[in-house]
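Novice: Take a look and give me a structure for this.
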Amino acid sequence: MEKIKKRIFFRSDPTETVKLRKRKSVLYSKRDAHLGSGEGFFGASIYLVLFTVAVRVVNCFLVQTSFVPDEYWQSLEVAHRMVFNYGYLTWEWTEGLRGYSYPLFFATIYKILHILKKDTVQLLIWVPRLAQSLLSALADVRLYCLVNTLENAETAKWVYFCQLCSWFTWYCCTRTLTNSMETILTVFALNYYPFHGTHKKSSSKYLMWIALAFIIRPTAVTVWLPLLFLNFSKESEKINFVIHHCVPVGFKILGISLIIDRVFFGKWVLVQLNFLQFNVLQNLGTFYGSHAWHWYFTQGFPVILGTHMPFFIHGCFLTPKRYHVLLIAIFWTILIHSLLSHKEFRFIYPVLPLCMVFCGHSLANLKKWKKAAAAFLLVSNLLLALYSGLIHQRGTLDVMKPIQELCLNESTLKETEPSVLFLMPCHSTPFYSHTHCPVKMRFLECPPDLTGNKSYIDEADVFFMAPLNWLNRELNQTLLPSHLIFFSVLEEEIVPFLAGNNYVKTTDLFHTHFPEGRIGSHIYIYERKSK
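Specialist: Numbering: from 1, shown residues only. Sure, this is the predicted structure:
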């Protein structure tokens with residue numbers, strides 16, 4: 001050791017105290033700070049991880065409303081069928097537009113619960129959502145770590161605060177939606193992206209997360225095109241980047257997806273191609289509604305950003321140059337989705353964590369009113385989050401509880417086999433994933449016409465054109481269901497049928513304060529009584 005000291009520091013006296021120069025490099029100081037902060041497995045303090053997980057678990061239990069049918073019909077319902085051999089597959093699955101990779105995640109959870117003999121209906125509903133909450137919490141932590149690495153702890157703190165405050169993130173992140181998983185994987189990928197001014201090199205890691213997001217939802221690649229182009233343009237060895245990073249990752253992830261779909265479809269299906277062909281090339285998504293080209297700019301984006309909007313705009317002028325590519329990615333994604341006629345709020349949800357980077361920079365740079373601004377964000381978003389999560393559109397979930405009771409009531413099952421008919425817009429409620437018993441249920445179907453028949457009208461539309469005529473035509477005395485479920489706006493039109501067939505209202509459930517069209521403020525359950 002003495003010889004080493006002499007050789008490195010040129011000291012002649014081994015007893016002389018050696019004073020090491022303290023590094024002043026920002027890069028080294030950040031690294032040293034991280035090493036001394038009690039980092040856990042996820043790159044952050046274990047206390048931060050536990051706190052974030054706790055927040056998202058509370059988040060999960062405070063979201064008791066429905067958003068869109070896909071959170072059940074394209075995930076939990078499919079998983080239920082995969083494990084328990086009964087459940088309804090929508091037309092997307094018969095046409096090969098959806099892949100089994102995402103439902104397989106929940107099917108694994110269902111299978112574990114089944115093996116442990118804990119597959120009660122409540123656990124089947126809540127455990128998948130808790131798993132989604134855990135992944136969302138890890139994404140929140142990784143977003144904090146990303147900004148902490150690129151900037152500093154102060155800025156990271158405010159980005160993290162903005163992320164937790166976002167009402168739309170609160171509303172969506174614990175739902176079993178492909179958009180939620182797409183957003184999580186996008187944040188994971190950002191942590192490995194070689195931003196300008198960092199020492200990160202192009203890595204297969206961020207490409208792997210992008211590929212996984214693409215497998216879950218093919219449109220996920222949209223937000224990444226500007227970042228991929230920038231990364232590629234700065235690569236000195238472009239061919240090497242493609243051959244040694246892009247191609248291997250693409251083949252591996254796509255290969256796994258193909259094998260999974262081959263197992264469950266029973267044939268080779270490239271669902272990503274079918275998805276893009278239907279939704280992008282043929283633009284057949286318009287069957288489920290269309291909006292003006294500017295809808296995302298004038299309504300969609302402002303709504304999901306909410307009261308974060310002024311801070312986002314302010315942050316756009318403050319963030320360093322390295323974040324310009326994120327700003328481009330945000331508006332590029334909105335622009336591309338604007339070209340498609342069918343638009344939904346959730347389609348641009350993956351850009352929301354990117355927006356939080358700019359909002360956090362805004363708050364971090366406020367000299368005055370910082371606490372007031374933070375309080376404003378917290379209160380305004382909390383009110384929206386609690387209302388949308390606990391009140392708005394809760395009836396379609398609450399209505400499944402009486403159906404669950406039909407399954408539990410053994411005496412009812414012995415006397416007469418119950419059957420349920422949903423006279424609602426198609427896929428308004430969950431299905432077997434929320435009853436976990438093979439009770440006979442039927443709903444009004446609405447698959448699009450893929451044959452080019454311009455006069456095609458789906459079953460749901462036919463019913464709502466003349467509800468009373470449809471009931472008298474389709475249901476005779478031998479086919480009458482024991483229970484009818486419908487929105488309150490329909491009651492007046494079908495009163496003669498209800499009275500003539502001894503149906504009695506047994507349940508009245510609140511649904512929304514904003515009824516619209518075929519959606520009523522309440523949901524009614526009518527039960528047929530014996531004469």
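
Novice: Output the below-cut-off pLDDT ranges for the stretch 251-400 of the chain.
Specialist: 283 (pLDDT under 70).

Novice: Can you give me the buried ones in the longest helix seen in the chain?
Specialist: Using DSSP state H, we find that the single longest helix of the chain is helix 121-150. Neighbour counts over helix 121-150 (16 or more other Cβ atoms under 10 Å) mark 121, 123-125, 127-150 as buried. All C-beta spots, glycine's among them, are computed from the backbone N, C-alpha and C.

Novice: Show me what the mean pLDDT comes to for it.
Specialist: For helix 121-150, the mean per-residue pLDDT is 96.

Novice: Which strands or helices does that helix pack on?
Specialist: For helix 121-150, the packing partners by 3 or more Cβ pairs under 8 Å, 6 or more residues apart in numbering; DSSP states H and E come out as helix 26-35, helix 46-61, helix 76-84, helix 101-115, helix 153-165, helix 178-190, helix 352-364.

Novice: relative to helix 352-364, how tilted is it?
Specialist: Angle, helix 121-150 to helix 352-364, by axes from the mean of the first three to the mean of the last three Cα atoms, to 10 degrees: 50 degrees.

Novice: Next, the angle helix 178-190 makes with helix 121-150.
Specialist: 30 degrees.

Novice: How far does helix 121-150 sit from its chain's centre?
Specialist: 11 Å (Cα atoms, centre = their mean, to the nearest Å).

Novice: need the helices and strands packed on helix 121-150 in a markdown table with distance to Val495 and mean neighbour count, can you?
Specialist: Below are the helices and strands packed on helix 121-150 laid out as a markdown table (distance: least, Cβ to Cβ, whole Å; neighbours: other Cβ atoms under 10 Å):
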| stretch | distance to Val495 | mean neighbour count |
| --- | --- | --- |
| helix 26-35 | 68 | 12 |
| helix 46-61 | 39 | 17 |
| helix 76-84 | 32 | 23 |
| helix 101-115 | 41 | 18 |
| helix 153-165 | 47 | 22 |
| helix 178-190 | 40 | 24 |
| helix 352-364 | 45 | 25 |
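
Novice: where do the strands sit along the protein?
Specialist: Ranges of strands in the chain, per DSSP state E, are 419-423, 440-443, 483-487, 503-510, 522-528.

Novice: Looking at those strands, spot the one closest to Ala460.
Specialist: Across the strands of the chain, Ala460 has its closest neighbour in strand 440-443 (8.5 Å, Cβ to Cβ).

Novice: strands paired with that closest one, and their directions?
Specialist: strand 419-423 (parallel) (DSSP bridges).

Novice: Please list the residues outside the partner strand that contact it.
Specialist: 403, 406, 428-429, 439-444, 463, 467, 475, 481-486, 490, 494 (Cβ atoms under 8 Å, 6 or more residues apart in numbering).

Novice: try 7 Å
Specialist: Strand 419-423 has contacts (Cβ atoms under 7 Å, 6 or more residues apart in numbering) with 403, 428-429, 439-444, 463, 481-486, 490.

Novice: List the contacts of the residue nearest in space to the middle of the chain.
Specialist: Centroid check for the chain by Cα atoms, centre = their mean gives Ser180 as the closest residue, at 1.8 Å. Going by Cβ under 7 Å, 6+ apart, Ser180 touches Gln132, Cys172, Cys173.

Novice: Generate JSON lines for those residues, with distance to Ile334 as supplementary columns.
Specialist: Listed next are those as JSON lines, based on distance: Cβ to Cβ, whole Å:
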{"residue": "Gln132", "distance to Ile334": "25"}
{"residue": "Cys172", "distance to Ile334": "17"}
{"residue": "Cys173", "distance to Ile334": "20"}
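
Novice: Helices along the stretch 401-531 of the chain, start to end?
Specialist: For the stretch 401-531 of the chain, helices defined by DSSP state H, counting those that start in this stretch occupy the ranges 410-415, 459-465, 467-474, 491-500.

Novice: okay, the strands of the chain in a markdown table with mean neighbour count and mean pLDDT next?
Specialist: A markdown table is the format used below for those (neighbours: other Cβ atoms under 10 Å; pLDDT from 0 to 100):
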| stretch | mean neighbour count | mean pLDDT |
| --- | --- | --- |
| strand 419-423 | 21 | 96 |
| strand 440-443 | 16 | 95 |
| strand 483-487 | 23 | 97 |
| strand 503-510 | 14 | 96 |
| strand 522-528 | 20 | 97 |
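
Novice: No further queries at this time; thank you.
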